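1. Model the following, please.
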Amino acid sequence: MKTIALVAHDAKKPDLLKWVSEHSDKLLGNEFYATGTTGKILSQVLPNIQCLKSGPLGGDQQLGALITEGKIDYLIFFWDPMTSQPHDVDVKALLRLSVLYDVPTACNRASADCLIKAIG
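-> Below is the predicted model of the structure:
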């Protein structure tokens, strides 16, 4: 069983929900963490998801802490490169930690498709 962090900016939440739905057979049986709103949306498909705070309210930092503690095996973060985010510093910190702690990270559908092959 792996621990997977799932995050999506507002414009990408429908894309992540669709991706998770399409790959639910490979994802089920793992443990999940997600930032607040994303987790609530994904709980339709992943009943065992643990919701943290919303990203702008500290959820990205909570995931970063879990990464530093070695509790996250994979990060799937559908981020929106075209929209300015008020918590952009937190987003960059989360991505920096995923690289620093060598956590495989997918930032779009194509990279998530590659990563799911390793998970499943």
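
2. Check which helices and strands the longest helix that the chain contains sits against.
-> Criterion DSSP state H: the longest helix present in the chain is helix 88-100. Using 3 or more C-beta pairs under 8 Å, 6 or more residues apart in numbering; DSSP states H and E as the contact test, the elements touching helix 88-100 are helix 59-68, strand 74-78, strand 105-106. The C-beta positions use only the backbone N, C-alpha and C, and glycine is treated the same way.

3. if we go to 10 Å?
-> Here helix 88-100 touches strand 3-8, helix 59-68, strand 74-78, strand 105-106, going by 3 or more C-beta pairs under 10 Å, 6 or more residues apart in numbering; DSSP states H and E.

4. List the buried residues for the second one?
-> Right, the one you point to is helix 59-68. Residues 59-64, 66-67 are the ones in helix 59-68 that count as buried (16 or more other C-beta atoms under 10 Å).

5. tell me the angle it makes with strand 3-8.
-> Computed with axes from the mean of the first three to the mean of the last three C-alpha atoms, to 10 degrees, the direction of helix 59-68 lies at 160 degrees from that of strand 3-8.

6. still on that earlier bit, just tell me which of the helices and strands packed on helix 88-100 ends up closest to Ile49.
-> strand 3-8 (7.4 Å; C-beta to C-beta).

7. List the buried residues in that closest one.
-> Going by 16+ other C-beta under 10 Å, strand 3-8 has these buried residues: 4-8.

8. Within its sheet, name the partner strands of that strand and how each one runs.
-> Looking at strand 3-8 with DSSP bridges, its partner strands are strand 31-34 (parallel), strand 74-78 (parallel).

9. so how far is it off the chain centroid?
-> Taking C-alpha atoms, centre = their mean, to the nearest Å, the mean C-alpha location of strand 3-8 is offset from the chain mean by 2 Å.

10. And stretch 47-65, by the same measure?
-> The gap between where stretch 47-65 is centred and where its chain is centred comes out at 9 Å by C-alpha atoms, centre = their mean.

11. Equivalent analysis for stretch 32-52, please.
-> With C-alpha atoms, centre = their mean, you get 10 Å for stretch 32-52.

12. Can you name the residues that contact Ile41?
-> By C-beta atoms under 10 Å, 6 or more residues apart in numbering, Ile41 lies in contact with 6, 8, 13-14, 16-17, 20, 34, 49, 51.
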